[in-house]
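[1] Got a predicted structure plus its sequence, pasted below:
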Amino acid sequence: MGGPISRPMNRVLIFFSFLTLGSFVQAGNLRVASLSTVMADLAREVGGDRVEVIEIVKAGVDPHIYEPTPGDRKTIAKSQILLANGLGFEGYLNNLRPGLEKNGVRLVVGGDVVKPLQAVCSGEEAHDHSHSHSHGATDPHWWHSIPNVQAVATQIRDAFAKADPEGIATYEANAKDLNARLAALSKWVRLQLATLPKANRILVTSHEALGYFAVDNGFEIFTVQGVSTTDQPSSQNVKRLIEEIKSRKVKAIFAENIENPKVLEQITNETGAKLGGVLYADGLGSGPAATYEGMMKTNVSVIVEALK
Ligand SMILES: [Zn+2]
């Protein structure tokens, strides 16, 4: 934050930057730590060169069972902003709050600006679980709805502008560009899914992560576990799921990139449904799924290919 002394100083720097091009860009750098792979990607897009994004929770790690290490806490303390998914996704978030306040780290929680969705809790055991989701849980996987991601991109833009006012023009231009690309992505998703008949729009996944996607795109979802990967599937729920898959003639069920309960194999064996491929449920992945856009395109392509 620019105090009374640094602010006029920065104005002087802006003036001089016209003369010494390039030297000023470094001065506005923000250090942003992220507990969310999706928000880290948005932060890189919005922040461009002005922002250094440090991923505390990385792609490929199960964020449902992640706990911050002392080293992570140090990294967070040295940042100006911390990004988190919220809606109960990071069960440890409240424990971090005192440290954030003490060190003047601003917390930006994506879940604060999205339209929250109540979890379906198709699993019998969905209420009997983890530290990270409470009873009658809200589904925390908000990024599977593109309009939510657009709202969070705007939220990140505003947080960056507040912390680094000299970068406002950059953040505004980058966020505008990003939101236009997300609108185009929405259109692309709709076009791809238009090829799927209504009766085929059933998503069977291991845990309940794609609720927002289902609501946006007219899918029904059935899951082995509840909203957390730590939920234990009950044999009764698995039995019901198998009956459902048979009676609805579901062509394929989907695995997830991080971990899968063994019952997926049992379900394919007993129903004749194929394993339709791997979906990115809890955040970004690697390769083509290393960006939000790429993750969404990968998921949609896998779904269309398996269910058409
Ligand atoms: Zn999840």
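    Done, it's in. Not measured: the values here are computed from a predicted model.
[2] For the rest of this, base every contact and every neighbour count on C-alpha atoms.
    Will do.
[3] Can you show me the strands along the chain?
    30-34, 51-55, 81-84, 106-109, 117-118, 138-139, 202-205, 220-223, 252-256, 274-279 (DSSP state E).
[4] Export the ones you listed to a markdown table and append columns for mean neighbour count.
    Listed next are the strands of the chain as a markdown table, based on neighbours: other CA atoms under 10 Å:
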| stretch | mean neighbour count |
| --- | --- |
| strand 30-34 | 23 |
| strand 51-55 | 20 |
| strand 81-84 | 24 |
| strand 106-109 | 19 |
| strand 117-118 | 14 |
| strand 138-139 | 22 |
| strand 202-205 | 23 |
| strand 220-223 | 21 |
| strand 252-256 | 22 |
| strand 274-279 | 18 |
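[5] TSV for the ones you listed, including mean pLDDT and distance to residue 292?
    Formatted as TSV, the strands of the chain follow (pLDDT from 0 to 100; distance: least, CA to CA, whole Å):
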stretch	mean pLDDT	distance to residue 292
strand 30-34	97	15
strand 51-55	97	15
strand 81-84	98	15
strand 106-109	98	17
strand 117-118	92	20
strand 138-139	94	19
strand 202-205	96	20
strand 220-223	94	22
strand 252-256	96	16
strand 274-279	96	13
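[6] Mind checking these for the one nearest to residue 158?
    For residue 158, the closest of the strands of the chain is strand 106-109, at 10.2 Å, according to CA to CA.
[7] tell me what that closest one is packed against?
    When contacts are defined as 3 or more CA pairs under 8 Å, 6 or more residues apart in numbering; DSSP states H and E, strand 106-109 packs onto strand 81-84, helix 146-163.
[8] so of these, which one's packed in deepest?
    strand 81-84 (a mean of 24; mean count of other CA atoms under 10 Å).
[9] then it to PDB, C-alphas only?
    Output of strand 81-84 as PDB, limited to C-alpha atoms (Å, rounded to 0.1, in the frame of the first residue of the first chain):
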ATOM      1  CA  ILE A  81      -2.300 -11.100  -1.600                       C
ATOM      2  CA  LEU A  82      -3.500 -14.700  -0.900                       C
ATOM      3  CA  LEU A  83      -6.000 -16.300  -3.300                       C
ATOM      4  CA  ALA A  84      -8.300 -19.000  -2.100                       C
END
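[10] Can you give the strand pairings for that strand, parallel or anti for each?
    Strands adjacent to strand 81-84 in the sheet, as given by DSSP bridges, are strand 30-34 (parallel), strand 106-109 (parallel).
[11] Let me have those strands in a markdown table, extended by distance to residue 67.
    Formatted as a markdown table, the strands paired with strand 81-84 follow (distance: least, CA to CA, whole Å):
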| stretch | distance to residue 67 |
| --- | --- |
| strand 30-34 | 13 |
| strand 106-109 | 17 |
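[12] To residue 168, which of the ones you listed lies closest?
    strand 30-34 (12.4 Å).
[13] the inter-axis angle of the closest one versus helix 146-163?
    Interaxial angle of strand 30-34 relative to helix 146-163 (axes from the mean of the first three to the mean of the last three CA atoms, to 10 degrees): 140 degrees.
[14] Numbering from 266 from now on, please.
    Okay, using 266 as the starting number, the last item reads as strand 295-299.
[15] Determine how far strand 295-299 lies from the middle of the whole chain.
    16 Å (CA atoms, centre = their mean, to the nearest Å).
[16] which residues are in contact with that strand?
    For strand 295-299, the surrounding residues in contact (CA atoms under 8 Å, 6 or more residues apart in numbering) are 305, 315-322, 340-341, 343-349, 425, 428-429.
[17] Let's have the helices and strands packed on strand 371-374 in JSON lines, adding distance to residue 294.
    Output for those, formatted as JSON lines (distance: least, CA to CA, whole Å):
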{"stretch": "strand 346-349", "distance to residue 294": "12"}
{"stretch": "helix 411-428", "distance to residue 294": "10"}
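[18] Of these, which is nearest residue 510?
    Taking the helices and strands packed on strand 371-374 one by one with CA to CA, helix 411-428 is closest: 28.1 Å.
[19] Quick check: which helices or strands does that closest one pack against?
    By 3+ CA pairs under 8 Å, 6+ apart, helix 411-428 packs against helix 302-312, strand 371-374, helix 433-458.
[20] Now do it: distance to the chain's middle.
    Averaged over its C-alpha atoms, helix 411-428 has a centre that lies 13 Å from its chain's centre (CA atoms, centre = their mean).
[21] do stretch 322-335 as well
    For stretch 322-335, the distance to the chain centre is 13 Å (CA atoms, centre = their mean).
[22] average pLDDT across it?
    For stretch 322-335, mean pLDDT rounds to 94.
[23] Give me the contact list for it.
    299-302, 321, 354-355, 357, 397, 493-495, 522-524, 547-551, 555.
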